[in-house]
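Chemist: Pasting the sequence and the predicted coordinates here, then a few questions.
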Amino acid sequence: MTHLTREDAEARDAASPLRGRRELFDLPDGVVYLCGNSLGALPRHVPDRLAAVVRREWGSELVRGWNSADWTHLNARCGARIAPLIGAAPEDVTVGDSTSVTLFKAMVAAARLRPDRRVVVLEPTTFPTDGYVAQGVAALLDLELRWCDPADPAASLDEDVAVLALTHVDFRSGAMFDLPGLTAAAHAVGAVTLWDLCHSTGAVPVDLAAADADLAVGCTYKYLNGGPGSPAFVWAAPRLQDSLDQPITGWWGHAAPFEMHRDFEPAPGIQRMVVGTPPVLALSALESALEVFDGVATADLRAASLALTDHLVELVESRVDGFELITPREHERRGSQVSFRHPDAYGVVQALIARGVVGDFRTPDVARFGVAPLYVRHVDLWDAVEHLVTVMESEEHLDPAYARRLAVT
Ligand SMILES: Cc1ncc(COP(=O)(O)O)c(C=O)c1O
Ligand SMILES: Nc1c(O)cccc1C(=O)C[C@H](N)C(=O)O
């Protein structure tokens, strides 16, 4: 039995620099939400803001909204709000297409920065879309994929490598790569880096400028709470932007879209990564959602996330048996989730969901708990583990209703 109590958890929440932020979110009663690394929670003010965009900007303004509501600059406005969370200048980030499409554009552009080289290094346990997109890019540009050892990606670098493409925080284990160190190792052999920040941004601050990184992409529906399917962001170092040759040359990436010229001429800066008409409703929801980060220091975000994930590890390890931690214990190697292997992980996760503790399962045997520091409290973790103890003691996880099926989550 742990020496930790619910009162200790309450005291930790009261001392947290992020205390009170949870009130900005509309979370259902009785739910402990530990899946913000898949789909972030709904900020309370977003439904009214979105309704106003639909009624006033679209309904009343009609096509005039491009100017009167400044829809034209929504991509850039969202990018500017994300920038401080990734160590970027506001003008160096834009938002618009899905993560997979954005990865495709960025990977082609990255490879074209090194036209004399043929190898893309990536990691075999990366999120599937990253590998699939790389396979498509390799086929298109006649490149070779080199799957590195996740324990040592730098060992796969040599002077044939054009691009090192890594996901900063692993979706399954929550393990985090050394972004500055691997960026420097890639640069030492003349390669460029493409970082996927899907599982970092909004929970794990990064400093792309300080690391002298090259390109980065990330989704906005996880810790940025942009809503299901909200569009992804892309950043490129200012020193590279005017050399980026991305493959989907649409009119919104043109230097003068409304001049309607015959030939493509890329816009200056990061705008050239944009393709077509921005998804105004999705970007409006995202722009509004990002307000929950106003006044949040990135150091506080990280400190809160680490305190919470430490606490969750301690609670699980002291109160239940049979769960093998696969998330690194070292702070410098951990993102903002805690994952355990368990032979009945699928049933455990389903039994917890039935009790209102929403985490998720990842094949083959991983129970994954995302910790979004803006709205997950220490008491939530305490309550979640209380449920876990009951599930294991009463063997609810072995209920035939939880026999493993293919699920969308
Ligand atoms: C690392 C990573 N990359 C990409 C994606 C998703 O790409 P998309 O938004 O295109 O579905 C995810 C999660 O879905 C992810 O975890
Ligand atoms: N993007 C998702 C989706 O379209 C459906 C279901 C889940 C997702 C996710 O985001 C999964 C997530 N990237 C993961 O880390 O597993």
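Modeler: Arrived safely. Ligands and ions are numbered 1, 2, ... in the order given.

Chemist: Counting neighbours, what do you get for the nearest residue to A354 once chain neighbours are set aside?
Modeler: Excluding the flanking residues, the one nearest A354 by Cβ to Cβ, 6 or more residues apart in numbering is E396, at 7.6 Å. Using the backbone N, CA and C atoms, a C-beta is placed for each residue, glycine as well. With neighbours defined by other Cβ atoms under 10 Å, the count for E396 comes to 19.

Chemist: same question, D321
Modeler: The burial metric for D321, expressed as a neighbour count using other Cβ under 10 Å, is 8.

Chemist: in a strand, that's where it is, yeah?
Modeler: No. Checked against DSSP: H, G, I helix; E, B strand; the rest coil, D321 lies outside a strand; its state is coil.

Chemist: Now it: closest residue in space that isn't a chain neighbour?
Modeler: Once flanking residues are discounted, D321 sits nearest to M392: 7.9 Å by Cβ to Cβ, 6+ apart.

Chemist: Quick check: which element contains the one you found?
Modeler: In this structure, M392 sits in helix 378-394 according to DSSP states H and E.

Chemist: by contact count, what packs against that helix?
Modeler: helix 6-15, strand 32-33, helix 298-319, helix 345-354, strand 357-358 (3 or more Cβ pairs under 8 Å, 6 or more residues apart in numbering; DSSP states H and E).

Chemist: got JSON lines for the ones you listed, with mean pLDDT and mean neighbour count too?
Modeler: Formatted as JSON lines, the entries for the helices and strands packed on helix 378-394 read as follows, by pLDDT from 0 to 100; neighbours: other Cβ atoms under 10 Å:
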{"stretch": "helix 6-15", "mean pLDDT": "96", "mean neighbour count": "14"}
{"stretch": "strand 32-33", "mean pLDDT": "98", "mean neighbour count": "22"}
{"stretch": "helix 298-319", "mean pLDDT": "97", "mean neighbour count": "19"}
{"stretch": "helix 345-354", "mean pLDDT": "97", "mean neighbour count": "22"}
{"stretch": "strand 357-358", "mean pLDDT": "98", "mean neighbour count": "23"}
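
Chemist: could you dump these to TSV with distance to ligand 2?
Modeler: Rendered in TSV, the data for those read as follows (distance: least, Cβ to the nearest ligand atom, whole Å):
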stretch	distance to ligand 2
helix 6-15	26
strand 32-33	14
helix 298-319	16
helix 345-354	13
strand 357-358	13
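
Chemist: helix, strand or coil for the residue in the chain positioned nearest to ligand 2?
Modeler: In the chain, the residue that lies nearest ligand 2 is F171 (3.3 Å; Cβ to the nearest ligand atom). Here F171 is recorded as coil under three-state DSSP.

Chemist: okay, now it: neighbour count?
Modeler: The local packing count at F171 equals 24, with neighbours defined by other Cβ under 10 Å.

Chemist: pretty sure it contacts R362?
Modeler: Yes. Contact criterion Cβ atoms under 8 Å: F171 and R362 qualify, at 7.3 Å.

Chemist: Name the surrounding residues that touch the helix holding M392.
Modeler: Contacting residues not belonging to helix 378-394 are listed as 4, 6, 8-10, 12-13, 16, 32-34, 307-308, 311-312, 315-316, 319-322, 348, 351-352, 355-357, 359, 369, 371, 396-397 [Cβ atoms under 8 Å, 6 or more residues apart in numbering].

Chemist: Give me the angle between that helix and helix 345-354.
Modeler: When axes from the mean of the first three to the mean of the last three Cα atoms, to 10 degrees is applied, the directions of helix 378-394 and helix 345-354 differ by 120 degrees.

Chemist: Just the buried residues of helix 378-394, please?
Modeler: For helix 378-394, a neighbour-count test (16 or more other Cβ atoms under 10 Å) marks 378-389, 391-392 as buried.

Chemist: quick check, nearest of those to I326?
Modeler: Nearest to I326 among these: L388, at 16.6 Å, using Cβ to Cβ.

Chemist: need the contact list for V313.
Modeler: With Cβ under 8 Å, 6+ apart as the criterion, the residues that contact V313 are L325, T327, R329, V338.

Chemist: at 10 Å instead, please
Modeler: With contact set as Cβ atoms under 10 Å, 6 or more residues apart in numbering, V313 has these partners: F323, L325, T327, R329, R334, V338, F340, F369, L381.

Chemist: Select from those the one having the most neighbours.
Modeler: Of all the contacts of V313, F369 has the most neighbours under the rule other Cβ under 10 Å, reaching 30 neighbours.

Chemist: so who does it touch?
Modeler: Contact analysis of F369 by Cβ under 10 Å, 6+ apart lists 32, 34-37, 174, 309, 312-313, 316, 327, 337-340, 349, 352, 357-360, 376, 381, 384-385, 388.
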